[in-house]
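>>> Sequence plus predicted model, see below.
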Amino acid sequence: MINFYSKKKIAGVDLSAKEKRKTAVCLLQENKARFFLLFKDREIISLLKKEKPDLVLIDACLSKPKKGEALRECDKKLLLMKIRFFPCLIPSMKKLTERGIRLAKKLKREKMKVFETYPGAIQDLLSLPRKKKGREKLQKALSSLGIEGEIKERKLTHDELDALTCALCGVFYFKKRFMFLGRETPRFILPKIKNPARN
């Protein structure tokens, strides 16, 4: 079993496409997860400047494909891994992609280390149920990994569970058990798992 204890403070951000909708932020440190529901970019940046995480992982496309192409290099790698995802240029993803790119640039100007990640892929690689199978099942599975804090105290939203999943990927990064997909920047990162099971 993977030990998810880490002294590093990791921020997972499940970004919404619009500032009028809630964005979930999870701060994970020493197995304890804290959650925040925010709206505007400035609120997210203010929180992260205050908390000073060692790493920020965002669930949103933080780059676009090369001109004339529909998919990025990291997207093509996801296809090879047989992981389902939404391409960043389809109509339902365009606003999220634009916001993700904008937010990542702002965070980098604040000298924060920022990566893109995808909770659905992380859940697949860790053999966790995706949220479509039920929020309760996903929360129970995440809690069984030894995560403490609010996850033991209340029902988390789908967005909070995805933000926590993003943060877990940061633990793999600091344990040097991660992989970069593609060469886009900010880099796309996922846990590196031997013989991952598929749900």
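On my side now, so go ahead. Given the structure is predicted, the values throughout are model-derived calculations rather than measurements. Residues are numbered from 1 along each chain as shown.

>>> Return the per-residue confidence for the residue sitting furthest away from the middle of the chain.
Taking C-alpha atoms, centre = their mean, the residue of the chain most remote from its mean C-alpha position is residue 68, at 27.4 Å. With respect to pLDDT, residue 68 has a value of 89.

>>> Please apply the same query to residue 136.
92.

>>> Give me the most central residue, this structure.
Centrality entry for the chain: nearest residue to the mean C-alpha point is residue 166, 2.9 Å, by C-alpha atoms, centre = their mean.

>>> for this structure, which spans come out with low pLDDT?
Counting by pLDDT under 70, the chain has low-confidence residues at 1, 195-199.

>>> Would you map the strands across it?
Taking DSSP state E, the strands of the chain run over residues 10-14, 23-29, 32-38, 55-58, 114-116, 148-149, 178-181, 188-191.

>>> Adding distance to residue 132 and mean neighbour count as columns, could you present those strands in TSV?
Quick note: C-beta positions are derived from backbone N, CA and C, even for glycine. As requested, the strands of the chain are exported to TSV (distance: least, C-beta to C-beta, whole Å; neighbours: other C-beta atoms under 10 Å):
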stretch	distance to residue 132	mean neighbour count
strand 10-14	15	28
strand 23-29	17	25
strand 32-38	21	18
strand 55-58	21	26
strand 114-116	21	24
strand 148-149	25	14
strand 178-181	22	18
strand 188-191	19	24
